[in-house]
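> Take this sequence and fold it.
(chains A, B and C)
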Amino acid sequence: MARIEARLEELGLVLPEPAQLPPGVRLPFAKVNVRGNMAYVSGHGPQNDDGTLSAPSGKVGKDVTVDEAYELARKTALSMLSSLQRELGDLDRITGWGRIFGMVNSAPGFTQQPAVINGCSDLIYDVFGPDVGRHARSAVGMAELPFGDGIAVEIEADVLID
Amino acid sequence: MARIEARLEELGLVLPEPAQLPPGVRLPFAKVNVRGNMAYVSGHGPQNDDGTLSAPSGKVGKDVTVDEAYELARKTALSMLSSLQRELGDLDRITGWGRIFGMVNSAPGFTQQPAVINGCSDLIYDVFGPDVGRHARSAVGMAELPFGDGIAVEIEADVLID
Amino acid sequence: MARIEARLEELGLVLPEPAQLPPGVRLPFAKVNVRGNMAYVSGHGPQNDDGTLSAPSGKVGKDVTVDEAYELARKTALSMLSSLQRELGDLDRITGWGRIFGMVNSAPGFTQQPAVINGCSDLIYDVFGPDVGRHARSAVGMAELPFGDGIAVEIEADVLID
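Here you go, the predicted structure:
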């Protein structure tokens, strides 16, 4: 078994099935777009194991607590890994994370975006270690995010591969 | 005639003139910044053929309908192609789209950002085909966008060139 | 003395100390992440010389004027240079700026984001000159930004290095 897949198993982490989108949604682009040694990872949201979007949705600071949102950011990282695995075949092909851009659906006055997106950063470091997992990051508050009443967290990334 | 320029003509698409900014606006940066085999495309808005900003402006979901915003995202793609053509000389130099970041000026509760930015994605695939046109994407809701009462759509991109 | 450091001295510019974060904030990622010839610069905010966050904070257009926000964007550029200098050792290693993504904490109806982020763009051109300093840019309005009642400006960047 590949090293990263073994590490996921060791941590008890399961990657979700491909995203199941709400009816009527059309997304004409690649979840992961490989160009040379770059894998551009589209904005992902939190998913359940079966690929459906994870609750709770809505605004962090009003509809969603910081602890819930941390968990959603962690699930979003797993969604990204799931898409990367399908595109790359093997997560060991990832030689280093570049940047992640963490977007938090923010209620007025909510400013703890970093504490939310830590759910993604912590998982990346846990799985990939401090060298390959090292990444630059922004964690910021969006006015709205897509789907239904709005997913609580969306994250995109630039990843280096061999 | 170059291949992509021929394809634009075949589709009846006209690239707008260089952006004509509102009075007093100073933008001290490059619309397209080439570094090695990367072309970083600055945030663009929808333009009319003469380069002026396209109406309607304001918040999608309140001042602008989804259908209108789709068309504005399509025009924004043409604005980006216009800037790329001026900088690169020839759009055939584009070897692949990397990522596009689609920003929708969103009224409270508006969550159909993907349906809006599809206007850009559809045009890129129509013009460049599924290999070169393939891109990663996020489509998200901004609190405000620049100029007057705010352009409805702004899109930036990373593009690979030879 | 290195060329860029000499230029900073010539302009009377002082880079701030490393960021001093508010109590309880944990940021598990790299301020600057070098991967090959790319330096991914995390979202930075405006800092005082001692590394503390610069006032005023809050929403531009309500709590913060455009002129104040321009100065905060300028200080944010200095924060980024400070992090780059610590990571790279020498700012002369920067061969070209790629893109900057300028995020303005925007009051409802505030649309002068470009005039704010010009504080960063102007400083980069002043320090690095028109070739190395050339960059693509977006300047957009966020719903919320991190820390306290929210920093007024946050900027991330992709920078090329040798």
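> can we go C-alpha only for contacts and neighbour counts from here?
Fine.
> Identify the residues contacting the lengthiest strand in chain A?
Using DSSP state E to define each element, chain A has its longest strand at strand A:94-105. Where contact means C-alpha atoms under 8 Å, 6 or more residues apart in numbering or on different chains, the residues beyond strand A:94-105 that reach it are A:58-60, A:113, A:116-117, A:131-145, A:150-162, C:33-35, C:40, C:42.
> Run through those and flag the ones next to chain B.
With C-alpha under 8 Å from any C-alpha of the partner chain as the criterion, the subset of the contacts of strand A:94-105 in contact with chain B comprises A:142, A:143, A:144, A:145, A:150, A:156.
> quick one: contacts for the first one?
Residues counted as contacts of residue A:142 (C-alpha under 8 Å, 6+ apart) are A:103, A:104, A:105, A:106, B:140, B:141, B:142, B:143, C:142, C:143, C:144.
> again, only using 7 Å
Taking C-alpha atoms under 7 Å, 6 or more residues apart in numbering or on different chains as the criterion, residue A:142 is in contact with A:103, A:104, A:105, A:106, B:141, B:142, B:143, C:142, C:143, C:144.
> ok so, going back, quick check, distance from the longest strand of chain A to the centre of its chain.
Centroid separation for strand A:94-105 versus its chain: 8 Å, with C-alpha atoms, centre = their mean, to the nearest Å.
> Report the rounded mean pLDDT for it.
Rounded to a whole number, the mean pLDDT of strand A:94-105 is 98.
> same question for the longest helix out of those in chain A, mean pLDDT?
Within chain A, and with DSSP state H defining each element, the longest helix by residue count is helix A:66-88. Along helix A:66-88, the predicted confidence averages to a pLDDT of 98.
> Tell me the buried residues in that helix?
Of the residues in helix A:66-88, those buried under the neighbour-count criterion (16 or more other C-alpha atoms under 10 Å in any protein chain shown) are A:66, A:68-85, A:87-88.
> Stretch A:49-63 now?
So stretch A:49-63, judged by 16+ other C-alpha under 10 Å, has buried residues A:49, A:51, A:52, A:53, A:54, A:56, A:57, A:58, A:59, A:60, A:61.
> Also stretch A:21-30?
Along stretch A:21-30, these residues count as buried under the neighbour rule (16+ other C-alpha under 10 Å): A:28, A:29, A:30.
> Then stretch A:38-50?
Quick answer for stretch A:38-50 (16+ other C-alpha under 10 Å): A:38, A:39, A:40, A:41, A:42, A:43, A:44, A:45, A:46, A:47, A:48, A:49.
> for stretch A:5-18, same thing?
A:5, A:8, A:14, A:15, A:16, A:17, A:18.
> Of those residues, which belong to strands?
By the criterion of DSSP E, membership of the buried residues of stretch A:5-18 in strands covers no residue at all.
> how about low-confidence regions in chain A?
Flagging of chain A using pLDDT under 70 yields the residue ranges A:1.
> Just list the residues touching the residue of it most remote from its centre, thanks.
Residue farthest from the centre of chain A, counting by C-alpha atoms, centre = their mean, is residue A:109 at 24.0 Å. By C-alpha under 7 Å, 6+ apart, the residues touching residue A:109 are C:144, C:149.
> rewinding a little: could I get the buried residues of stretch A:38-50 as TSV with secondary structure and distance to chain C?
Converted to TSV, the buried residues of stretch A:38-50 look like this (DSSP: H, G, I helix; E, B strand; the rest coil; distance: C-alpha to the nearest C-alpha, whole Å):
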residue	secondary structure	distance to chain C
A:38	strand	11
A:39	strand	13
A:40	strand	14
A:41	strand	15
A:42	strand	17
A:43	strand	16
A:44	strand	19
A:45	coil	19
A:46	coil	20
A:47	strand	23
A:48	coil	25
A:49	coil	26
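> Could I get those in TSV, plus columns for distance to residue A:126?
Output for these, formatted as TSV (distance: C-alpha to C-alpha, whole Å):
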residue	distance to residue A:126
A:38	22
A:39	20
A:40	21
A:41	19
A:42	22
A:43	21
A:44	19
A:45	20
A:46	18
A:47	19
A:48	20
A:49	20
